[in-house]
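Colleague: please work out how this folds:
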Amino acid sequence: MSHQDLMAGPPPTYLPEDQAAADLLEGAEPAAVVRRHPASPIAWAALAALAAEQGADDVTVYAYARVGYHRSLDLLRRNGWKGHGPVPWSHEPNRGFLRALALLALSARAIGETDEWERCATFLRDSSPEAADELLPS
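Modeller: Residues are numbered from 1 along each chain as shown. Now for the predicted structure:
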């Protein structure tokens, strides 16, 4: 008889491939990719990142990142995630969620929403320390 380790955390979540990622790699504009794939976290994260790069208002970046974050939560739950646990940065399809979460954290800080910044930065670090190291300033 085998025994389950009740002290172990949940298993990592590995999201499926996202067609929007291929479209972005081919050079499609993020807004066009969002229109084709509105449920895609990577598309919304790319749109938020582009808005930030182009100097858009921080509230605009926050709004795009928040949509990507919520689309991510839906996708994570459909793929067995129970509200916590690792979401490895090393698995490329997870990067849409992780990027959206990082952009949400950074834009929350930029608009003075300190509680949201801290919550999202902690959530990112708990989900993937590698992503937090890559995406958040030290």
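Colleague: CA only for contacts and neighbour counts going forward, please
Modeller: Will do.
Colleague: now do the top helix by length along the chain: which elements does it pack against?
Modeller: Taking DSSP state H as the criterion, the chain has its longest helix at helix 58-78. With contacts taken as 3 or more CA pairs under 8 Å, 6 or more residues apart in numbering; DSSP states H and E, helix 58-78 sits against helix 41-53, helix 95-110.
Colleague: residues of the first one that come out buried?
Modeller: Applying a neighbour-count criterion of 16 or more other CA atoms under 10 Å, the buried positions in helix 41-53 are 41, 42, 43, 44, 45, 46, 47, 48, 49, 50, 51, 52.
Colleague: from these, which single one is nearest residue 100?
Modeller: Ranked by distance to residue 100 (CA to CA), the buried residues of helix 41-53 are led by residue 45 at 4.7 Å.
Colleague: quick check: nearest residue in space to that closest one, chain neighbours excluded?
Modeller: Nearest-residue entry for residue 45: residue 100, 4.7 Å, with adjacent residues in sequence omitted and distances by CA to CA, 6 or more residues apart in numbering.
Colleague: nearest residue to the middle of this protein?
Modeller: By CA atoms, centre = their mean, the chain has its centre lying nearest to residue 97, at 2.2 Å.
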